[in-house]
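A.B. asks: just coords:
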């Protein structure tokens, strides 16, 4: 069995949601390190695959998941926002403990593009942009935030 076949079996053995995005990066391993350190995503390290010096990586946050891979304009027609100069999607991430998450991201030097605030629709939220231009919207229902402060 080839390395690619073994990597494919490892990756398909992980439990994934029915739908999840694949984000394109110029430097996918730097992106994994950043998202782990700054936003506290957890990489499923055992599922990481390498092809021709590029990687596919899966990261979890709660019940959600994203796949990170090298930009691949030739096959999949996907690009890093860094390369095209704009962001076309915002990743919505529900957080437990939004204020602590925000404080940690700020302490780690995140590019905060919307300060933490309470939205009219009932969430506490903030937004940040990663080093390659992907936009992240972190949020938590205000009812959960209120429950944390009274405990």
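C.D. replies: Great, that's in hand. A quick note: this is a predicted structure, and the numbers were derived from the prediction, not measured. Residues are numbered from 1 along each chain as shown.

A.B. asks: Now tell me which helix or strand of this structure has the poorest mean pLDDT.
C.D. replies: One helix or strand of the chain scores below all others by mean pLDDT, DSSP states H and E: helix 3-13, with a mean of 53.

A.B. asks: Whichever helix or strand comes after that helix pairs with which strands?
C.D. replies: Heading C-terminal from helix 3-13, the first helix or strand you meet, by DSSP states H and E, is strand 22-25. When pairs are called by DSSP bridges, strand 22-25 turns out to pair with strand 64-70 (parallel).

A.B. asks: how about the helices of the protein, start to end?
C.D. replies: Secondary structure of the chain, counting by DSSP state H: helices at 3-13, 28-39, 81-84, 98-107, 142-149.

A.B. asks: Buried residues, the shortest one. List them.
C.D. replies: Across helix 81-84, burial judged by 16 or more other C-beta atoms under 10 Å covers 81, 82. To be clear about C-beta, it is placed using only N, CA and C from the backbone, and glycine gets the same treatment.

A.B. asks: What lies in contact with stretch 128-135?
C.D. replies: With contacts defined as C-beta atoms under 8 Å, 6 or more residues apart in numbering, stretch 128-135 is touched by 23, 25-27, 30-31, 34-35, 38-39, 80-82, 86-87, 89-91, 105, 110-113, 127, 136, 138.

A.B. asks: between the helices of the chain, which gets nearest to residue 66?
C.D. replies: For the helices of the chain, the distance to residue 66 is smallest for helix 28-39, at 8.2 Å, taking C-beta to C-beta.

A.B. asks: tell me the angle of that closest one relative to helix 98-107?
C.D. replies: Here the directions of helix 28-39 and helix 98-107 differ by 130 degrees (axes from the mean of the first three to the mean of the last three C-alpha atoms, to 10 degrees).

A.B. asks: and helix 28-39, average pLDDT?
C.D. replies: Averaging pLDDT along helix 28-39 yields 97.
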